[in-house]
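Student: Here is my input; please provide its structure:
(one chain, ligands or ions: 1)
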Amino acid sequence: MPFSLPIHNVYQPVDPGQHFPPGFVWGVATSAYQIEGAAVADGKGESIWDRFCRQPGTIADGSNGDVACDHLHRLEEDLDLIAALEVDAYRFSVSWPRVQPLGQGAWNEAGLRCYQRLVDGLVARGVRPYLTLNHWDLPQALQDQDGWANRATVQHFVDYALGMHRHLGQRVAAITTHNEPWVIAKLGHEDGSFAPGLRSRAVAMQVAHHLLLSHGLAMQALRADGCTAPLGIVLNLSPVQPATDSTADAARARLEDGLLLRWYMDPLLRGAYPQDVLDHLGADAPQVQPGDMAAIATPMDFLGVNYYTRAVVSADAPFDVTRSGLPLTDMGWEVYPEGLTELLLRVHRDYPVPPIFVTENGGAFADSLAAGQVHDRDRTDYIASHIAAVGAALRQGVPMAGYMVWSLLDNFEWASGYAKRFGIVHVDYATQRRTAKDSAHWYRRFLQRQRSARGQQPAAAQGA
Ligand code: IFM
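Tutor: Predicted coordinates:
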């Protein structure tokens, strides 16, 4: 194998212990805009993130994803790297404007070839491709027609989903429609801190509705087209806890839980928006047409959950995380693995959930590269403790199907730029050299121990 992970003594965190069941999927995850680079190459269209990054003051370090990890020019090296980790699965996203520059109409053959090479390269190495259709980089041409706020974008997304299925055939192991619709709606259209940088709650809620509707309609269209890959959506979820036991804080926590979790889980799994949130939104509630809610509730094959931390809310002031006493990641997020178990138990208790993947989990920590090594004890502890939290949920009956580390590589962390490093593989952006951190070595050894406990070979060795 051209890329090897030299064995050296790495820090051993508390072992997550549990032997996960056969078939449990272990992976690593990325997204297109955060790693690909080649932003204007080979006929790619402009995305809303290409445009947003060019507006002064939007990105902490003034950077953008033009080069990022230069992944598309280093595809073979990165494929070897993924295989060397001995993961079962690689979760990636397709850049919609790379394959369909205007978001409708003509397809870009050069862009499609990138993903055909990626999928073929994964399959050839025994790694299962988990494809996400929308990880935020909407074609700017569609944004010029109001983007996700425009109901017409729903049908464009369905056409895009069908096109990708026809081009990639049955080689992908699973298809996710959207990654984190809450982020697109809230940060992109209400807070304005993410692309496309709009600030209207009414628009944000209409966007959320169109994302959910396009998810349901795309799943229906894909299945009608003969797609046999499991289909689902990925939500960013957290337990929302009141800062104190006051009635006001409890009410606020209930509302925030409604906006973050129930606004998405209720329509997807119960076919209706939560009434208390609709009442709170009043005139900002979205326009819903007959048949929309049934389409959104189209049964899914899996649910993806991205978990990083808990949310603590109070009625009158933002909660100061530094006062909780919990360790914080470089993003300022509390390290709270028990929140993942709590969250998984709750969604299992409250909803008829399909099998659940933790599709993202990981930590940004400041790293230092010295003598070809990165001793990222904090990140290793973070990942190990959250895997243990998944194991605890599994033991209590939650139908857990897999776990994927965010992220394979250090990458472009959206409005935070390149300063925040989530990768288990270090990227030197000046040279694009990749160096496996201790967390990557630990993850591979953990997976080896899991397999040897079950008498299994890695997927790559099985030629899966
Ligand atoms: O980097 C992001 C990813 O794109 C979506 N989920 C959260 C990650 C960390 O912020």
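Student: Buried residues of stretch 241-254, list them for me.
Tutor: The neighbour-count check on stretch 241-254 (16 or more other CB atoms under 10 Å) flags 241-243, 249-250, 252-254 as buried. C-betas here are computed from N, CA, C, even on glycine.
Student: just stretch 167-176 next, same as before
Tutor: For stretch 167-176, the neighbour count (16+ other CB under 10 Å) marks 167-168, 172-176 as buried.
Student: Please identify which pair of the buried residues of stretch 241-254 lies farthest apart.
Tutor: Using CB to CB, the buried residues of stretch 241-254 span at most 13.3 Å, a distance reached by Ala243 and Arg254.
Student: All the strands of the protein, residue numbers only.
Tutor: Ranges of strands within the chain are 25-29, 89-93, 128-134, 174-179, 231-236, 240-242, 302-306, 311-313, 356-360, 369-370, 373-374, 400-406, 425-428, 433-436, based on DSSP state E.
Student: quick revisit: out of the buried residues of stretch 241-254, who's nearest Glu338?
Tutor: Nearest member of these to Glu338, counting by CB to CB, is Gln241, at 11.3 Å.
Student: Leaving out chain neighbours, which residue sits closest to that closest one?
Tutor: Val312 (5.1 Å; CB to CB, 6 or more residues apart in numbering).
Student: I figured the one you found hits Leu326, correct?
Tutor: No: in this structure, Val312 is not within contact of Leu326 by CB atoms under 8 Å, at 10.0 Å.
Student: and for these two, which residues touch both?
Tutor: Residues touching both Val312 and Leu326 (CB atoms under 8 Å, 6 or more residues apart in numbering) are Glu334.
Student: The two: who's more crowded?
Tutor: Val312 (23 against 13; other CB atoms under 10 Å).
Student: Report the separation between that one and the ligand.
Tutor: 18 Å (CB to the nearest ligand atom, to the nearest Å).
Student: What of Ala366?
Tutor: From Ala366 across to the ligand, the span is 15 Å (CB to the nearest ligand atom).
Student: for Ala38, same thing?
Tutor: 18 Å.
Student: now Asp320
Tutor: From Asp320 to the ligand the distance is 21 Å (CB to the nearest ligand atom).
Student: quick one, phi psi at that residue?
Tutor: In terms of degrees, to the nearest 10, the main-chain angles of Asp320 are phi -90, psi 100.
Student: Tell me how many other residues crowd it.
Tutor: Neighbour count of Asp320, defined by other CB under 10 Å: 10.
Student: Same check on Pro21?
Tutor: Neighbours of Pro21 using other CB under 10 Å come to 11.
Student: so what's it up against?
Tutor: Leu394.
Student: Leaving out the residues flanking it, which one is nearest to Asp316?
Tutor: Spatially, and ignoring its direct neighbours in sequence, Asp316 is nearest to Ala248 (7.4 Å; CB to CB, 6+ apart).
Student: Can you name the residues of this protein that neighbour the ligand?
Tutor: Residues of the chain lying close to the ligand (CB under 6 Å from any ligand atom) are 31, 34, 180, 306, 360, 406, 413, 422.
Student: if we can go back for a sec, want to throw the strands of the chain into TSV with mean pLDDT?
Tutor: As requested, those are exported to TSV (pLDDT from 0 to 100):
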stretch	mean pLDDT
strand 25-29	98
strand 89-93	98
strand 128-134	98
strand 174-179	98
strand 231-236	98
strand 240-242	97
strand 302-306	98
strand 311-313	97
strand 356-360	99
strand 369-370	97
strand 373-374	98
strand 400-406	98
strand 425-428	98
strand 433-436	98
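Student: Distance to Ser193 added to the ones you listed, as a markdown table?
Tutor: Output for the strands of the chain, formatted as a markdown table (distance: least, CB to CB, whole Å):
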| stretch | distance to Ser193 |
| --- | --- |
| strand 25-29 | 22 |
| strand 89-93 | 20 |
| strand 128-134 | 19 |
| strand 174-179 | 17 |
| strand 231-236 | 15 |
| strand 240-242 | 20 |
| strand 302-306 | 18 |
| strand 311-313 | 16 |
| strand 356-360 | 19 |
| strand 369-370 | 30 |
| strand 373-374 | 29 |
| strand 400-406 | 19 |
| strand 425-428 | 24 |
| strand 433-436 | 30 |
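Student: which sections of this protein are below the confidence cut-off?
Tutor: The model of the chain has pLDDT under 70 over residues 1-10, 12, 14, 18, 458-464.
Student: quick one: the helices in the stretch 351-464 of the chain?
Tutor: Assigned by DSSP state H, counting those that start in this stretch, the helices in the stretch 351-464 of the chain fall at 377-395, 438-454, 459-462.
Student: Ranking those helices by mean neighbour count, which comes first?
Tutor: Highest mean neighbour count of these: helix 377-395, a mean of 22 (counted as mean count of other CB atoms under 10 Å).
Student: Tell me which residue of the stretch 1-150 of the chain lies closest to the ligand.
Tutor: Residue of the stretch 1-150 of the chain nearest the ligand, by CB to the nearest ligand atom: Ser31 (5.0 Å).
Student: Name all residues that make contact with that residue.
Tutor: Contacts for Ser31 (CB under 8 Å, 6+ apart) come out as 92-93, 132, 135-136, 179.
Student: backbone phi and psi for Phe365, please?
Tutor: Phi and psi for Phe365, reported as degrees, to the nearest 10, are phi -140, psi 150.
Student: which one is it nearest to, not counting chain neighbours?
Tutor: Using CB to CB, 6+ apart, the closest residue to Phe365 is Asp378 (4.3 Å).
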